[in-house]
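[1] whatever this is, show me its structure:
(one chain, ligands or ions: 1)
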Amino acid sequence: MAEIQRQVGFVIDLNKCMGCWTCAMSCKIFWTNDKGMDHMWWMKVNTMPGRGYPKDWEKMGGGYDGSGKLVLGKKPTMEDLGGVMQFNYEETFYGGRGSQVHLAPKKKPTWGPNWDEDIGAGEYPNTYFFYLPRHCNHCGKPGCAEACPFEAITKRPEDGVVLIDETKCAQCHDPMCRAGCPYKEIFINDFVYAAQKCNACLPRIEQGLAPACVRQCPGRCIWMDFLDNEEGTVHKLVTQWKVALPLHPEFNTRPNMYYVPPLAPPRLDENGNIDESQPRIPMEYLRSLFGDGVDQAVDTLKQEFAKRRKVPKEPSELMDLLIARQWKELLGPFTKDPTEVEAISEAPELTSEA
Ligand code: SF4
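    Numbers count the residues shown, from 1 in each chain. Sure, this is the predicted structure:
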């Protein structure tokens, strides 16, 4: 694999994500709105704790073991993804029975991209949940690439984006990339016989325009930048403040998507009084997602929050970074307006030289 000169990274603040799915819908409309892609959600927002999309993806395996050896896990089935929902459009809109039938899937669905939305965990009144947006992590050590026997998956040297060369991929009838990726971020398009996944909106970022999910987020909760830009918020949150952490670091693929862990309101005791003795979201659960660094990250967030709640308020660079008063602060060097770039109609031709 070619040596990487720079790496783009994403930070998502889980305290700001409100589960609106705007990021996912903008990606869906932009990238997976074509033949063979109905079941694909390159970007999705799952409720946690939950089984997610694909169903139970966290238990499917993949990535690398402690010695750096590739582990091949399960490949998600169409059932794990929820399949393709066909709706009764003809009957409802054109069959003359519009007053008797409702628009509905023809076959009862059993799973979907946000099937367990807002279910969460815990005992009332101390229930909890939070939203976890996910797309390909553009990993530093992508298990998908090592698993591919045709070397169809590469990292671009200039930005570390992980791309699939569909012309090479089409030779494969048993895509092992899906077994190698522990995040289960690769989908099969049976129409073009190729594996497909998030490409970090490459045609946009090549023109200085942020990816659709980053740009469209109404909660201003997704940042994107080069990780080595020391003046950038992504670098500061990941490296300086250490409050943005990779998801499941034990998969050992060095993911480049980082998350500011969720805080929650304090627990209540049986009399309805605030009980600060333990957090509402169990730390063991957060450690299982973000590793041991989450304890320090949560402490730092709480300390900085406390500064801003004091009377009079104390300054906090971290809180100012997370608030992102100017939305362009989220975009690193990718601040161009969509009206200023050339029309983006399809992905650029991919080569195997990257
Ligand atoms: Fe490959 Fe999966 Fe990492 Fe994306 S998240 S680069 S598909 S291993």
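[2] what parts of this structure come near the ligand?
    With the criterion set to Cβ under 6 Å from any ligand atom, the chain comes near the ligand through 136-139, 142-144, 162, 181, 183, 185-186, 197, 253. The way it works is simple: take the backbone N, C-alpha and C, and place the C-beta from them, glycine included.
[3] excluding chain neighbours, what is closest to Glu3?
    Using Cβ to Cβ, 6 or more residues apart in numbering and skipping the chain neighbours, the partner closest in space to Glu3 is Pro157 (6.3 Å).
[4] show the contacting residues for the one you found.
    For Pro157, the contacting residues are 2-5, 354, taking Cβ atoms under 8 Å, 6 or more residues apart in numbering as the criterion.
[5] min pLDDT across those, which one?
    pLDDT across the contacts of Pro157 is at its lowest for Ala354, which sits at 32.
[6] highest neighbour count among the contacts of Pro157?
    Per-residue neighbour counts (other Cβ atoms under 10 Å) across those peak at Ala354, which has 18 neighbours.
[7] buried residues, the longest helix along the chain. List them.
    Across the chain, the helix with the greatest residue count (assigned by DSSP state H) is helix 293-309. Across helix 293-309, burial judged by 16 or more other Cβ atoms under 10 Å covers 293-294, 297-298, 301, 304.
[8] could the C-alpha coordinates of that helix be exported in CSV?
    Output of helix 293-309 as CSV, limited to C-alpha atoms (Å, rounded to 0.1, in the frame of the first residue of the first chain):
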residue,chain,number,x,y,z
GLY,A,293,-9.1,6.7,27.4
VAL,A,294,-12.8,7.5,27.8
ASP,A,295,-12.4,7.9,31.6
GLN,A,296,-10.0,10.8,31.1
ALA,A,297,-12.0,12.2,28.3
VAL,A,298,-15.2,12.3,30.4
ASP,A,299,-13.4,13.9,33.3
THR,A,300,-11.9,16.6,31.1
LEU,A,301,-15.3,17.3,29.6
LYS,A,302,-16.9,17.6,33.0
GLN,A,303,-14.2,19.9,34.3
GLU,A,304,-14.5,22.2,31.3
PHE,A,305,-18.3,22.2,31.5
ALA,A,306,-18.0,23.2,35.2
LYS,A,307,-15.8,26.2,34.3
ARG,A,308,-18.5,27.6,32.1
ARG,A,309,-21.2,27.0,34.7
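[9] what mean pLDDT does the next helix or strand after it have?
    Tracing the chain C-terminally past helix 293-309 and defining elements by DSSP states H and E, one meets helix 317-323 next. Per-residue confidence for helix 317-323 averages out to 97 on the pLDDT scale.
[10] swap in stretch 16-32?
    The average of the pLDDT scores along stretch 16-32 is 97.
[11] what does it contact?
    When contacts are defined by Cβ under 8 Å, 6+ apart, stretch 16-32 is touched by residues 37-38, 40-45, 47, 113-114, 117-118, 130-133, 135, 196, 198-199, 201, 212-222, 322.
[12] in helices, which of those fall?
    Taking DSSP H, the ones among the contacts of stretch 16-32 that sit in helices are 212-216, 322.
[13] could I get those residues as CSV with neighbour count and distance to Tyr64?
    Rendered in CSV, the data for these read as follows (neighbours: other Cβ atoms under 10 Å; distance: Cβ to Cβ, whole Å):
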residue, neighbour count, distance to Tyr64
Ala212, 24, 30
Cys213, 27, 27
Val214, 27, 28
Arg215, 22, 33
Gln216, 19, 33
Leu322, 24, 32
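[14] out of those, who's nearest Leu103?
    The shortest separation between Leu103 and any of the ones in helices among the contacts of stretch 16-32 is 25.9 Å, and it belongs to Gln216 (by Cβ to Cβ).
[15] burial check on the residue in the stretch 151-300 of the chain positioned nearest to the ligand, number of neighbours?
    Shortest the stretch 151-300 of the chain-to-the ligand distance, computed as Cβ to the nearest ligand atom: residue-wise this is Cys181, at 3.1 Å. Other residues within reach of Cys181, judged by other Cβ under 10 Å, total 31.
[16] contacts only, for it.
    Contacts for Cys181 were tallied using Cβ under 8 Å, 6+ apart; they are 62-63, 142-144, 147, 253.
[17] between those, which sits nearest Pro246?
    Among the contacts of Cys181, Thr253 lies closest to Pro246 (Cβ to Cβ), at 9.0 Å.
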